[in-house]
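Trainee: using only what follows, build the 3D model:
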Amino acid sequence: MASGAEWAMEKWQAFVLAILFLIAIFFVPPQIVWATVLISSLWASFDAGKIGAKNYQSGASPATIFIACLLLWIAVFPWYLYFRSHAKAGLLKKKAVTTDAMPVFVDAAPDRDTLNR
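Mentor: Numbers count the residues shown, from 1 in each chain. The predicted structure follows:
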């Protein structure tokens, strides 16, 4: 188990969860499967915004997570749960924060007072 203030999902746990989801697809009506994909993708997107997922090195924007979950839910949703547990436990590195200085605009032609000094 990972060390940290909170519990963090291990990779094998995310893999087992994905396998269980895949097996469940065969026993659940398609409407419930699609509703689950849509609702869980929306939740992952809103939650990613709330925890600041794009501020982590391995994180993505909430919109990217939403689209990726919709297109490849069986892999992306367990990955997001793994990512989320590690982010909340403080086990992930954040992106380096760069502060851009305000741009300084220089006149191409100096004024006459400056030239006469």
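Trainee: following the strand or helix carrying Thr64, which helix or strand shows up next?
Mentor: Here Thr64, judged by DSSP states H and E, is contained in helix 62-71. Remark: after helix 62-71, the chain's next helix or strand is helix 73-88, criterion DSSP H and E.
Trainee: what ranges do the strands span in the protein?
Mentor: In the chain, no segments count as strands under DSSP state E.
Trainee: so, low pLDDT: which residues of it?
Mentor: For the chain, the stretches with pLDDT under 70 are 1-7, 97-117.
Trainee: top helix in this structure by residue count?
Mentor: Criterion DSSP state H: the longest helix present in the chain is helix 30-51.
Trainee: how far off centre is that helix?
Mentor: Put simply, helix 30-51 sits 13 Å off its chain's centre (C-alpha atoms, centre = their mean, to the nearest Å).
Trainee: which residues are contacting that helix?
Mentor: With C-beta atoms under 8 Å, 6 or more residues apart in numbering as the test, helix 30-51 has contacts from 25, 28, 54, 59-63, 65-66, 69-70, 73, 77, 80, 84, 87-88. (Each C-beta comes from the backbone N, C-alpha and C, glycine too.)
Trainee: elements contacting the helix holding Thr64?
Mentor: Contacting helix 62-71 under the criterion 3 or more C-beta pairs under 8 Å, 6 or more residues apart in numbering; DSSP states H and E are the following elements: helix 30-51, helix 73-88.
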